[in-house]
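Engineer: I'll drop the sequence and a predicted model, then ask my questions.
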Amino acid sequence: MQKTSKALLGLATALVTSSALPNLAKADELTLCWAAWDPANALVELSKDFTAKTGTQMKFEFVPWTSYADRFLNELNSHGKLCDLIIGDSQWIGGSAENGHYVKLNDFFDKEGIKMDDFVPATVVGYSEWPKNTPNYWALPAMGDVVGWTYRKDWFEKPELQKEFKAKYGHDLAAPKTYDELKHIAEFFQKRQIDGKTVYGASIYTERGSEGITMGVTNVLYDWGFQYDNPKKPYDMEGFVNSADAVKGLEFYKSLYDCCTPPGSSNVYMVESADAFKSGQVAMQMNFAFTWPGLYKDEKVGGDRIGFFPNPAEKAHFAQLGGQGISVVSYSEKRDAALQYIKWFAQPDVQAKWWELGGFSCLNSVVNAPDFAKSQPYAQAFLDSMAIVKDFWAEPSYASLLQAMQKRVHNYVVAGNGAAKEALDGLVKDWSDVFKDDGKI
């Protein structure tokens with residue numbers, strides 16, 4: 001989820017397929033690389049079952065999100081042997097496939113009876129496939145994630161606030177279904193006194209250094225009609241990235257930032273947004289679903305005080321995909337054993353326990369189970385959110401594409417430079433230059 005430079009993507013090497021793997025003996029130890037966050041702790045606990053079953057010890061290399069991409073893409077590009085397994089970001093899939101970093105899993109899946117139809121379709125496309133929408137698999141969907149929202153349910157339920165809000169806006173003070181409703185709520189709570197404390201409307205992503213503001217603004221842009229390119233002509237972006245509707249969406253995001261965020265909100269991403277909510281600063285916060293279990297357990301704002309809702313709708317209805325797939329690193333000397341971990345992790349009973357421990361399973365049999373929606377207070381919001389996901393570019397040059405959007409959008413939304421149309425026109429130019437350099441246009 002974090003920044004890289006284009007140089008990190010390396011030179012293309014020959015693709016590695018599982019059919020070319022040597023017959024290696026069972027490993028005594030495997031190293032799995034991922035980000036340092038709550039789901040990683042859940043995976044450590046889950047993996048004890050793998051060790052008990054196989055005798056293979058699991059070692060974990062977890063690094064903070066701020067250095068996650070730089071650390072592990074450097075490792076892959078140097079053909080390092082630290083990671084036998086890696087849970088890499090969805091946006092890495094193109095570069096990692098084309099540069100030969102990941103083992104292609106098709107033959108292994110066929111041999112072991114692992115079917116991608118058994119997983120949520122959006123996660124297969126987002127985490128496993130390259131090229132997109134082709135049956136070429138480089139990862140098993142591992143950690144479903146998506147941008148959604150939490151809100152202060154206890155504040156929303158105050159009778160005096162419900163009455164005042166209904167009189168002012170003409171609709172109930174409840175989890176919003178459209179962005180217009182969300183803005184009404186944010187305006188209503190901005191600088192309001194709640195329990196003797198000044199509170200604010202909403203926390204939204206604004207961080208520039210890695211991917212934060214892009215992961216936030218796309219939720220709004222998608223709903224207003226933004227598209228990455230012409231569906232009938234790949235890499236044709238004029239009139240799609242910078243359409244009139246996309247311009248309106250970007251203007252709305254800036255208006256939400258200007259009207260309804262707490263002071264000092266110019267560099268907010270996952271941690272900062274969660275902290276704003278936990279400290280009682282905001283009525284609503286935008287964040288990835290992985291934060292929801294921890295927020296629900298929070299003694300001050302969790303339990304009956306918190307509610308969850310999927311990204312609102314406008315002209316369309318989408319939410320920014322997060323999450324990752326798990327891959328076997330092609331430079332590992334323990335690839336056969338690593339593949340056995342993939343086989344184990346794909347089992348329905350393991351996936352069910354993954355959800356129970358705090359991971360977000362992508363297996364249909366788990367998320368479509370009759371009792372899933374009631375298994376956790378946030379389960380229904382997760383299901384609703386995963387049904388509307390859309391993702392950023394997964395091209396090998398995604399880092400350059402991401403850096404361009406970070407700069408253009410932040411300069412307009414946070415710094416207040418220029419107009420929304422200018423920002424998106426500039427983005428079309430930036431992205432066109434990247435794809436020209438890649439020989440794709």
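Structural biologist: Structure's in. What do you need? Numbering: from 1, shown residues only.

Engineer: and the helix or strand Ala42 falls within, how far out from the chain's middle?
Structural biologist: Using DSSP states H and E, Ala42 maps to helix 38-54. In terms of CA atoms, centre = their mean, to the nearest Å, the centre of helix 38-54 is found 22 Å from the chain centre.

Engineer: quick one: the helices in the stretch 1-150 of the chain, in order.
Structural biologist: 38-54, 65-77, 93-98, 106-112, 121-127 (DSSP state H, counting those that start in this stretch).

Engineer: correction: the stretch 301-441 of the chain
Structural biologist: Under DSSP H, counting those that start in this stretch, the stretch 301-441 of the chain gives helices at 335-345, 348-357, 364-367, 379-386, 398-413, 420-437.

Engineer: which one's the longest strand in this structure?
Structural biologist: strand 140-152 (DSSP state E).

Engineer: nearest spatial neighbour of Asp430, skipping sequence neighbours?
Structural biologist: Ala404 (3.7 Å; CB to CB, 6 or more residues apart in numbering). No exception for glycine: its C-beta is placed from N, CA and C like everyone else's.

Engineer: what's the burial count for that neighbour?
Structural biologist: Look at Ala404: counted by other CB atoms under 10 Å, it has 19 neighbours.

Engineer: one more: Thr54?
Structural biologist: 16.

Engineer: what's the spacing between it and Trp65?
Structural biologist: 30 Å (CB to CB, to the nearest Å).

Engineer: and what of Ser361?
Structural biologist: For Ser361 relative to Trp65 (CB to CB), the value is 21 Å.

Engineer: neighbour count winner among these two?
Structural biologist: Ser361 (24 against 17).

Engineer: related to what we said a few turns ago, other residues contacting whatever helix or strand comes next after the longest strand of the chain?
Structural biologist: Using DSSP H and E, the helix or strand that follows strand 140-152 in sequence is helix 153-156. Here helix 153-156 makes contact (CB atoms under 8 Å, 6 or more residues apart in numbering) with 161-162, 173-175, 189, 194, 199, 283, 304-307.

Engineer: ok, so of those residues, who is nearest Met143?
Structural biologist: Ile306 (21.8 Å; CB to CB).

Engineer: what's around the closest one, how many residues?
Structural biologist: Ile306, neighbours per other CB under 10 Å, totals 20.

Engineer: so what's the closest residue to Pro176 other than its chain neighbours up against?
Structural biologist: Leaving aside its sequence neighbours, Pro176 sits nearest to Leu182 (CB to CB, 6+ apart; 4.1 Å). Leu182 makes contact with Trp149, Pro176, Ala202, Leu256, Met284, Pro312 under the criterion CB under 8 Å, 6+ apart.

Engineer: what is the nearest of those to Pro377?
Structural biologist: Trp149 (13.8 Å).

Engineer: give the contact list for the closest one.
Structural biologist: Trp149 neighbours (CB under 8 Å, 6+ apart): Ala175, Leu182, Met284, Gln285, Met286, Asn287, Phe308, Phe309, Pro310, Asn311, Pro312.

Engineer: that one pairs with what?
Structural biologist: Met286, Phe309 (DSSP bridges).

Engineer: could you check the pLDDT of it?
Structural biologist: Trp149 is assigned 98 on the pLDDT scale.

Engineer: try Ala12
Structural biologist: So Ala12 comes in at 32 (pLDDT).

Engineer: please apply the same query to Asn23.
Structural biologist: 36.

Engineer: residue nearest the centroid of the protein?
Structural biologist: Centroid-nearest residue in the chain, with CA atoms, centre = their mean: Gly322, separated by 1.3 Å.

Engineer: so where is the stretch 51-200 of the chain shaky, pLDDT-wise?
Structural biologist: Applying pLDDT under 70 to the stretch 51-200 of the chain flags no residue at all.

Engineer: contacts for stretch 229-246?
Structural biologist: Everything outside stretch 229-246 that qualifies as a contact, by CB under 8 Å, 6+ apart, is 221, 224-228, 315, 421, 424-425, 427-428, 431-432, 435, 440-441.

Engineer: circling back to that earlier point, so which strand or helix has the residue nearest to Pro176?
Structural biologist: Assigned by DSSP H and E, Leu182 falls in helix 179-189.

Engineer: now the angle between strand 140-152 and that helix, please.
Structural biologist: 40 degrees (axes from the mean of the first three to the mean of the last three CA atoms, to 10 degrees).

Engineer: output helix 179-189 as PDB, restricted to C-alpha atoms.
Structural biologist: Taking Å, rounded to 0.1, in the frame of the first residue of the first chain, the C-alpha atoms of helix 179-189 are listed here in PDB:
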ATOM      1  CA  TYR A 179     -22.300  11.300  -0.400                       C
ATOM      2  CA  ASP A 180     -24.700  14.300  -0.200                       C
ATOM      3  CA  GLU A 181     -26.200  12.700   3.000                       C
ATOM      4  CA  LEU A 182     -22.700  12.100   4.300                       C
ATOM      5  CA  LYS A 183     -21.800  15.800   3.800                       C
ATOM      6  CA  HIS A 184     -24.900  16.900   5.600                       C
ATOM      7  CA  ILE A 185     -23.900  14.800   8.600                       C
ATOM      8  CA  ALA A 186     -20.300  16.100   8.500                       C
ATOM      9  CA  GLU A 187     -21.500  19.700   8.300                       C
ATOM     10  CA  PHE A 188     -24.000  19.100  11.200                       C
ATOM     11  CA  PHE A 189     -21.300  17.800  13.500                       C
END
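
Engineer: list the buried ones in that helix?
Structural biologist: Tyr179, Glu181, Leu182, Lys183, His184, Ile185, Ala186, Glu187, Phe188, Phe189 (16 or more other CB atoms under 10 Å).

Engineer: touching, the fourth one and Tyr253? I think so.
Structural biologist: No. Here Lys183 lies out of contact with Tyr253, judged by CB atoms under 8 Å, at a distance of 10.4 Å.

Engineer: need the residues touching each of the two.
Structural biologist: Common neighbours of Lys183 and Tyr253 (CB under 8 Å, 6+ apart) do not exist.

Engineer: follow-up on the earlier one: from the contact counts, what lies against the helix holding Ala42?
Structural biologist: strand 29-35, strand 57-63, helix 335-345, helix 348-357 (3 or more CB pairs under 8 Å, 6 or more residues apart in numbering; DSSP states H and E).

Engineer: 10 Å - rerun?
Structural biologist: Judged by 3 or more CB pairs under 10 Å, 6 or more residues apart in numbering; DSSP states H and E, the packing partners of helix 38-54 are strand 29-35, strand 57-63, strand 85-89, strand 140-152, helix 292-297, strand 319-328, helix 335-345, helix 348-357.

Engineer: fine by me, thanks again.
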